[in-house]
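1. Fold the stuff below for me.
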Amino acid sequence: MYVHKLHIAEFDKIDYQLIAIHSPLEDYRLAYFINKQLPINLKKCNNNIQISSKEGETQFTRFIFEDHQDVAWSLIQNQNDAIVSAPSNNFGLFAESSTEFAPKIYLIPEFKKVDYFFKIENDEVPIEVPKIIKSLKKIDKISTVYTVDIEKIKSKNNLIF
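-> A predicted model of the protein is given here:
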């Protein structure tokens, strides 16, 4: 019988680029403008990214596109309101459940001012990130676009989806 060993270093390799986007646009409008500016077709993913923290629990929307070169493009919200369910004293058919909104939860807490992240996953195809950033800067409602140094992010696990 053969034994196949996996080394942790195989999973430690970073094979994506991360671009921070500051924009007041709603996520679907930003995806639309990015689709017009870049040769991609972002579509809303049915599986939201679920994050739980001490403040509460929330879900981040995600728009994805995979091209013919196996490059995965993802537009992800960075901030969303936490939903905290308060326990109710009433039980039964007409029980009331109260939901209150807690402070914001961030996908990457180190970048609290970033509205969206644009993640480009690729293994073999070289991606021209400066060219993509230049194209994204042409969108009127985007105020700032820049690359994020992935090595400095403490919460990298939130980007695994």
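
2. alpha carbons only for contacts and neighbour counts from here, please
-> OK.

3. which secondary element of this structure has the worst mean pLDDT?
-> Lowest on mean pLDDT, DSSP states H and E among the helices and strands of the chain sits helix 8-11, with a mean of 53.

4. and the helix or strand that it is followed by, C-alpha only, in CSV?
-> Next helix or strand after helix 8-11 toward the C-terminus (DSSP states H and E): strand 16-22. Presented in CSV, the C-alpha positions along strand 16-22 are these (Å, rounded to 0.1, in the frame of the first residue of the first chain):
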residue,chain,number,x,y,z
TYR,A,16,-3.5,35.1,-6.1
GLN,A,17,-3.3,38.8,-6.4
LEU,A,18,-5.4,41.1,-4.2
ILE,A,19,-6.6,44.6,-5.3
ALA,A,20,-8.3,47.0,-2.8
ILE,A,21,-11.1,49.1,-4.1
HIS,A,22,-12.6,52.2,-2.5
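
5. ok, strand 16-22: who's next to it in the sheet?
-> strand 116-121 (antiparallel), strand 144-147 (antiparallel) (DSSP bridges).

6. distance between the longest one and the chain's centre?
-> For strand 116-121, the gap between its own C-alpha mean and the chain's C-alpha mean amounts to 7 Å (CA atoms, centre = their mean, to the nearest Å).

7. does the spatially most central residue of the chain count as helix, strand or coil?
-> By CA atoms, centre = their mean, the chain has its centre lying nearest to Ile76, at 2.8 Å. Using DSSP: H, G, I helix; E, B strand; the rest coil, the structure places Ile76 in strand.
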